[in-house]
Structure formats: C-alpha cells, structure tokens
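Peer 1: I'd like to go over a predicted model; first the sequence, then the structure.
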Amino acid sequence: MILFIIKIRKRTKNGKSVKADILLGLNCYSCKEHINDDPLQEFANRHPNLTQEDRDVFFKQENFRMCTACKRDDTLNEVTKDSKLSNFILKSKKYLYSKKSRFLPLYYIIIYFTFLLLDVFLKEQTRFFFYAYNVALFVYWYIIFKRIDLGYAPDDGK
Ligand SMILES: [Zn+2]
C-alpha cells in the first residue's frame, strides 16, 4: 500500500495529466501519446452547422482512439498468440479510463468489509476469509493506483 502511494506521488509529480485528452481522443488511450489529427475538427466536418450544444456533446463524450503505431501493433497482435492478453489489457485500460469504472473501488471496499466481518465470525473454523479480505484490499488499492497512474504521462516536454 505504501508502495502504491509512493508510486502515485512520483507519477503525479513528474508527469502531466493526460486523462481529459485521452477521453476526448486527442491522445492515444493505449500509449498516451498525442495523436496528430484533430478529432474536434473531424467532428466539425461531420456536423457542418456546429452549435455550442454540439460542442458540449463532443466534450462530454468518451471518444477513445488509438494512434497509428498502436493500431498497427494491435493488428499485428491479432495474428499472433498474444492477441487475447493484449486485447484484455486494452479493454481494461479503456474500462479504467471510462466513467463506468468510477464505482469499482467502492465494490471492492464492500467486498473487503464483508470478508473482514466473515473472518471475525468464522476465525475458528476457517482462515479463508483472512486471505480473501487481504486480496480484496490489495485489489482495491491496485485499482485506485491504476486509475491515477493511467491518467498521467511522463512529462518530456520541458
Ligand atoms: Zn498509441
């Protein structure tokens, strides 16, 4: 746990936040690099009479995009055996970026307390819940860490 906090501190101190850019599709969600074309411009081309409302819609949506390099890697992975794993990693990245995963840590903290209580009551019978709540707690911290970590990219600009 302390290790996670140290890592997060290091990340947020030396990195720049890219989460908003990734959600808008300005940056690649796989490698966090900036994508050269401008999705707002593309969006404007598709909607010739762009109103402020359309713009608001654009800035609210989750528009995950991959850069050409990552797309190529992904296509390459499709033909190799790693495809399942890399697909899973990509999908979980997308999931952790998206608003859908907001409550995920909450679920794990509920599981944690449930197992903790079960352990208190069933200590004499089984040690299972002792390990189970520790795993749940670890997963909880890991998700918190990962969600912050994904939002930052190393700042190599200045
Ligand atoms: Zn990329």
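Peer 2: Ah, there it is.

Peer 1: Please report phi then psi for the residue of the chain most remote from its centre.
Peer 2: Distance from the centre of the chain peaks at residue 124, with 39.6 Å (Cα atoms, centre = their mean). Note on residue 124: its backbone torsions stand at phi -70, psi -40 [degrees, to the nearest 10].

Peer 1: chain center to the helix or strand encompassing residue 120, what's the gap?
Peer 2: Using DSSP states H and E, residue 120 maps to helix 104-122. Computed by Cα atoms, centre = their mean, to the nearest Å, the separation of helix 104-122 from the middle of its chain amounts to 24 Å.

Peer 1: again, but for stretch 44-62
Peer 2: With Cα atoms, centre = their mean as the basis, stretch 44-62 stands 25 Å off its chain's centre.

Peer 1: and the helix or strand harbouring residue 54, which residues are buried?
Peer 2: Assessed by DSSP H and E, residue 54 sits inside helix 52-60. Residues of helix 52-60 classed as buried: residue 58 (neighbour count, 16 or more other Cβ atoms under 10 Å). C-betas here are computed from N, CA, C, even on glycine.

Peer 1: do the same with stretch 99-111
Peer 2: 104-105, 108, 111.

Peer 1: out of the residues you listed, who's nearest residue 13?
Peer 2: residue 105 (22.4 Å; Cβ to Cβ).

Peer 1: And that closest one, how far from the ion?
Peer 2: Separation of residue 105 from the ion (Cβ to the ion, to the nearest Å): 26 Å.
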